[in-house]
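1. Here's my sequence, what's the structure:
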Amino acid sequence: MNEAKLVKVLKIIAVTGIMTAVVISVLKSGIIRRKFNEMKNKFRYKKNRDSMILIAKRINQDIRNIDRRTSRRWHDKNQEKYDELWGNDYSCN
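-> Numbering: from 1, shown residues only. Below you'll find the predicted structure:
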């Protein structure tokens, strides 16, 4: 009976020793660190991609606003305001 208990205890000690060795080897190999870095890079890529899309939308909006402000109709409106303020003597046309 004592031998059976001793064998059980030795088996438990052997299994825990093997599990500890596996955990230490995995931690030293850097598998977890590499996986963590991959997840971080994916998050950064997604964050950078989203910010780049927002920047592109702002640039497109600015281009549309510039095109609108430099249109002939807009220029004529500004010219009328300028003429009202300063008169036709200093007109650009």
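2. pLDDT of the helix or strand where residue 50 lies, averaged?
-> Here residue 50 sits within helix 31-69, counting by DSSP states H and E. Taken as a whole, helix 31-69 has an average pLDDT of 81.
3. from the middle of its chain, how far away would that helix be?
-> Centroid displacement of helix 31-69 relative to its chain, using C-alpha atoms, centre = their mean, to the nearest Å, is 6 Å.
4. for that helix, which positions count as buried?
-> Using 16 or more other C-beta atoms under 10 Å as the burial criterion, none of the residues of helix 31-69 qualify. The C-beta positions use only the backbone N, C-alpha and C, and glycine is treated the same way.
5. what's the angle from the helix or strand that that helix is followed by to helix 31-69?
-> Read in the C-terminal direction, the helix or strand following helix 31-69 is helix 72-86, with elements assigned using DSSP H and E. Direction vectors for helix 72-86 and helix 31-69, defined by axes from the mean of the first three to the mean of the last three C-alpha atoms, to 10 degrees, enclose an angle of 60 degrees.
6. Now do helix 72-86: distance to the chain's middle.
-> Between the centre of helix 72-86 and the centre of its host chain there is 45 Å, according to C-alpha atoms, centre = their mean.
7. Repeat that for stretch 9-27.
-> Here stretch 9-27 shows a centroid-to-chain-centroid distance of 40 Å under the convention C-alpha atoms, centre = their mean.
8. outside of it, which residues touch it?
-> Contacts with stretch 9-27, where a contact means C-beta atoms under 8 Å, 6 or more residues apart in numbering, come from residue 32.
9. export it as CSV, just CAs?
-> Included here for stretch 9-27 are C-alpha records, laid out as CSV according to Å, rounded to 0.1, in the frame of the first residue of the first chain:
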residue,chain,number,x,y,z
VAL,A,9,3.3,10.9,-5.6
LEU,A,10,6.3,10.3,-7.8
LYS,A,11,4.1,10.3,-10.9
ILE,A,12,2.5,13.6,-9.8
ILE,A,13,6.0,15.1,-9.2
ALA,A,14,7.2,13.9,-12.6
VAL,A,15,4.1,15.3,-14.4
THR,A,16,4.4,18.7,-12.7
GLY,A,17,8.1,18.8,-13.4
ILE,A,18,7.4,18.1,-17.1
MET,A,19,4.7,20.8,-17.2
THR,A,20,7.0,23.3,-15.5
ALA,A,21,9.7,22.5,-18.1
VAL,A,22,7.3,23.0,-21.0
VAL,A,23,6.1,26.4,-19.6
ILE,A,24,9.6,27.6,-19.1
SER,A,25,10.7,26.5,-22.6
VAL,A,26,7.7,28.2,-24.2
LEU,A,27,8.4,31.4,-22.3
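10. I am finished for the moment; much appreciated.
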